[in-house]
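Student: A structural model of the following input is requested.
(2 chains)
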Amino acid sequence: MRAVSDVTLDIAQGEVLGIAGPNGAGKSTLIALLLGFLVPDEGEATIDGLAPRAYVERDGVCYLPELMTLPLGWRADEALARLAALAGIPASARAGACERVIEAVGIAEHRRKKLKALSKGNLQRLGLAQALLADRRVVIFDEPTHGLDPLWTARFRDIVAGLRRPDRTLVIASHNLDELERLCDRVAIIDKGQIQRVVTVRDAGAVGASRRWRLRAAMGLDALAAQFPGAVANGEAIECSADVAALNRGIAAAIAQGALITAVAPAESSLEEAFRTAVTR
Amino acid sequence: MSAVGPLVAYLPWQARDSMGRALLAPGIFLLAAAAPLWAFAASNSGIPLTEPGPAQDFARNLYNTFVSMAVVLGAVVLMNQVHALDRERQHFRFLFAHQVAPWQFYLQRFVVAAALFLAGVALIPLGFSALVTDVAFLPTMQTAALYALLVGALMFLCGALTQRDGLALILVYLGTALLQQVDRADGLPGWLAPVVAALPPFAVAGDLRTAWLTGGAFDTGDLLHVVAYSVALLIAALVVIKRFPLVR
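Tutor: Sure thing, here's the model as predicted:
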């Protein structure tokens, strides 16, 4: 059985690439190949022209695995100190680096606790902290917001935004499409071990592309629906398909007829749409 | 090529992770030897263990028996569930995202664990000499070094190949002991000779241990055989770690 096959993917320096897919699609396998924890039976994976293990052993990567699998008997600060040592951070800077990431992910009050005493969310934050210890050109996050509350999910987005750099490549595997759409330049949709589609997130929401919209109106919903053939009424809203120009024309016409529009929003995100098309179950 | 710096920095942690195992040999010895020594001393009050005679012979025989057991068991746990556990529990994902080669990491672990094991074993003759009666220090340490190398390297290889390294070692040990005993007693069919020769030299190591602990003569060729075999096991373990994927 092959977990991943026929994958061809180039990830550019400076890019933030998302890997989306349902559970068991092959996302983590792909990441294991990128880190050299797995070796492909056929073909090759390279980072900066080197085999993944050779690259990692030369330069190191920032990596947050899907599961926090550090020994549960370690204390949080001990785990960071150990990994800071392995990350090659000089002894004189190690304590400072640990402090910085502890503060960045807000686990100062849990630093002396053993990992087995940490909640799932705090464990995930610790995982994020260890991934941020060193300054690397390759950053790989596997399900980074798994177990995080909404506040820290939002905070994670800020952290990723801060990691963007022209000489740095980020790979984020997630089945949270909204997260990937907000963070990534491109998203590779993987299913059944194969890349089904690579969506350039910016282009997916391009002006010329037709997509589904949800429109709300306090008055004149019928006039609004009449502007969009095939529109489906849903309570005080309608759902319709149109490109951005047609949408604007239809709304303007409805307003001219007395409609009072209260909300205009995509019925589903462009990535969701691409995902739904690419992943057939 | 990975840098050596991170490994050097990680050395104290390797030592800390190996410390409990290193103290197992003196712990086993203490637990095993304390009761018979106490019983002997209680029933033979007035006979000094420090003076040459039956009491001292008893104490030294007891020492030889239990130090052998402690050293062998201590060597078994030296590398048990180290690499195998890191793979099974996926610790490697955190350890090896950095400029560290797994084979170098585990070689360091083996060296540190073996050094601490020897330090732990050293407490046995020192403690016994101080508290009971004089025993030779060097033979115990030679025995410990030999078993750390042979059994430690074999466990290391088992751990690199399989998740159930302890079970693998037991099976190899039992199979080897059976074949080697039969071979020594009755001789095995000729076609099995290469198989027996390729098996771990537990019997030869046992002969060396007995010779050292009892002050007898030993064959240097036997020593070279065991050391060469152990080094080959160690190299095989490192090659497996380097060549085989960590995700299996």
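Student: okay, CA-based contacts and neighbour counts for the rest of this
Tutor: Fine.
Student: next SSE after the lengthiest helix in chain B?
Tutor: Counting by DSSP state H, the longest helix found in chain B is helix B:102-131. Following helix B:102-131 in sequence order, the next helix or strand is helix B:137-161 (DSSP states H and E).
Student: give me the most central residue, chain A.
Tutor: By CA atoms, centre = their mean, chain A has its centre lying nearest to A:Leu180, at 3.4 Å.
Student: pull the residues that contact stretch A:188-200.
Tutor: By CA atoms under 8 Å, 6 or more residues apart in numbering or on different chains, the list of residues contacting stretch A:188-200 from outside reads A:2-8, A:17-22, A:24-27, A:185-187, A:271, A:274-275, A:278-279.
Student: what does chain B have sitting close to chain A?
Tutor: B:1-3, B:5-7, B:9-10, B:13, B:89-91, B:93-101, B:245-248 (CA under 8 Å from any CA of the partner chain).
Student: give the ChimeraX command for selecting the buried subset of these.
Tutor: The ChimeraX command for the buried members of those (criterion: 16 or more other CA atoms under 10 Å in any protein chain shown) is given here:
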select /B:2,3,5,6,7,9,10,13,90,91,93,94,95,96,97,98,99,100,101,245,246,247
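Student: so where's the stretch 51-200 of chain A uncertain?
Tutor: By pLDDT under 70, the stretch 51-200 of chain A has no low-scoring segment.
Student: all the strands of it, residue numbers only.
Tutor: Here the stretch 51-200 of chain A has its strands, by DSSP state E, counting those that start in this stretch, at A:62-64, A:138-142, A:169-174, A:186-191, A:194-200.
Student: winner for burial among these?
Tutor: Most buried of those by mean neighbour count (mean count of other CA atoms under 10 Å in any protein chain shown) is strand A:62-64; its value is a mean of 26.
Student: so which of the contacts of stretch A:188-200 are in strands?
Tutor: A:17-20, A:186-187 (DSSP state E).
Student: now, which of these sits nearest B:Gly27?
Tutor: When these are ranked by distance to B:Gly27 (CA to CA), A:Ile19 comes first, at 51.7 Å.
Student: what residues are bridge-paired with that closest one?
Tutor: A:Ala173, A:Ala188 (DSSP bridges).
Student: count the neighbours of it for me.
Tutor: 28 (other CA atoms under 10 Å in any protein chain shown).
Student: same thing with B:Ala59?
Tutor: B:Ala59, neighbours per other CA under 10 Å, totals 23.
Student: just the helices in chain B please.
Tutor: With DSSP H as the criterion, chain B has helices spanning B:5-22, B:24-43, B:54-78, B:83-88, B:92-95, B:102-131, B:137-161, B:165-185, B:193-198, B:202-214, B:220-243.
Student: about what we covered before: what's near enough to touch the closest residue in space to the residue nearest to the centre of chain A that isn't next to it in sequence?
Tutor: Nearest residue to A:Leu180, sequence neighbours excluded (CA to CA, 6 or more residues apart in numbering or on different chains): A:Gly18, at 5.8 Å. Residues in contact with A:Gly18 (CA under 8 Å, 6+ apart) are A:171-174, A:180, A:184-188.
Student: before we move on, back to that, ok, of the helices of chain B, where does mean pLDDT dip lowest?
Tutor: Lowest mean pLDDT within the helices of chain B: helix B:193-198, a mean of 86.
Student: list the contacts for the residue nearest the centre of chain B?
Tutor: For chain B, B:Ala75 is the residue whose C-alpha lies nearest the centre (CA atoms, centre = their mean; 2.2 Å). Neighbouring residues of B:Ala75 by CA under 8 Å, 6+ apart: B:117, B:144, B:147-148, B:151-152.
Student: neighbour-wise, which one of the residues you listed leads?
Tutor: Ranking these using other CA under 10 Å puts B:Ala148 first, with 30 neighbours.
Student: report the contact partners of it.
Tutor: Neighbours of B:Ala148 in contact, by CA under 8 Å, 6+ apart: B:75, B:78, B:114, B:117.
Student: could you double-check that the last one lies in contact with B:Pro26?
Tutor: No - if you go by CA atoms under 8 Å, B:Phe117 and B:Pro26 don't touch, sitting 9.4 Å apart.
Student: any idea how far B:Phe105 is from the closest residue to the residue nearest to the centre of chain B other than its chain neighbours?
Tutor: Of all residues not flanking B:Ala75 in the chain, B:Ala148 sits nearest, at 5.0 Å (CA to CA, 6+ apart). From B:Ala148 across to B:Phe105, the span is 18 Å (CA to CA, to the nearest Å).
Student: quick one: the helices in the stretch 101-250 of chain A?
Tutor: A:120-131, A:150-163, A:177-183, A:201-204, A:221-226, A:244-256 (DSSP state H, counting those that start in this stretch).
Student: and the fifth one, what's buried?
Tutor: When neighbours are counted by 16+ other CA under 10 Å, the buried residues of helix A:221-226 are found to be A:221, A:223-225.
Student: outside of it, which residues touch it?
Tutor: A:217, A:231-233, A:236-238, A:250-251, A:253-255, A:257, A:259.
Student: switch to 7 Å and redo it
Tutor: A:231, A:238, A:251, A:254, A:257, A:259 (CA atoms under 7 Å, 6 or more residues apart in numbering or on different chains).
Student: show me the contacts for the fifth one.
Tutor: In this case it means A:Gln257. A:Ala223.
Student: count the neighbours of the closest residue to B:Leu169 other than its chain neighbours for me.
Tutor: Spatial nearest neighbour of B:Leu169, chain neighbours left out: B:Met155 (6.2 Å); criterion: CA to CA, 6+ apart. The burial count assigned to B:Met155 is 31, neighbours taken as other CA under 10 Å.
Student: B:Met155 contacts B:Ile170, doesn't it?
Tutor: No - applying CA atoms under 7 Å, one finds B:Met155 not in contact with B:Ile170, separated by 9.7 Å.
Student: which ones are touching the nearest residue to A:Ala259 once chain neighbours are set aside?
Tutor: Of all residues not flanking A:Ala259 in the chain, A:Gly220 sits nearest, at 4.0 Å (CA to CA, 6+ apart). Residues near A:Gly220 by CA under 7 Å, 6+ apart: A:258-260.
Student: tally of neighbours for the nearest residue to B:Val239 once chain neighbours are set aside?
Tutor: Computed as CA to CA, 6+ apart, the closest residue to B:Val239 that is not its neighbour in sequence is B:Trp103, at 7.7 Å. By other CA under 10 Å, 19 other residues sit near B:Trp103.
Student: tell me the spacing between B:Trp103 and chain A.
Tutor: Separation of B:Trp103 from chain A (CA to the nearest CA, to the nearest Å) stands at 11 Å.
Student: so that residue is in contact with B:Phe244, correct?
Tutor: No - counting by CA under 7 Å, B:Trp103 stays clear of B:Phe244, with 10.6 Å between them.
Student: where does the stretch 1-150 of chain A come near chain B, residue by residue?
Tutor: A:37-39, A:54, A:56-63, A:65, A:69-70, A:82-83, A:85-88 (CA under 7 Å from any CA of the partner chain).
Student: among those residues, which are in helices?
Tutor: A:54, A:56-59, A:82-83, A:85-86.
Student: by neighbours, which of those wins?
Tutor: Result: A:Leu86 is most packed of these (other CA under 10 Å), 28 neighbours.
Student: my read: that one touches B:Val4, true?
Tutor: No - look at A:Leu86 against B:Val4 with CA under 7 Å: they stay out of range, at 9.9 Å.
Student: thinking again about what came up before, just the helices of chain B: most buried one?
Tutor: Ranked by mean neighbours (mean count of other CA under 10 Å), the helices of chain B are led by helix B:137-161, with a mean of 24.
Student: that older thread, what angle do the longest helix of chain B and helix B:137-161 make?
Tutor: 150 degrees (axes from the mean of the first three to the mean of the last three CA atoms, to 10 degrees).
Student: still on that earlier bit, just the contacts of helix A:221-226 now: which is nearest chain B?
Tutor: A:Ile238 (48.4 Å; CA to the nearest CA).
Student: quick one on the thing from earlier: save the contacts of helix A:221-226 as CSV, and put in distance to B:Leu126 too.
Tutor: Formatted as CSV, the contacts of helix A:221-226 follow (distance: CA to CA, whole Å):
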residue, distance to B:Leu126
A:Ala231, 90
A:Ile238, 88
A:Ile251, 93
A:Ala254, 97
A:Gln257, 101
A:Ala259, 96
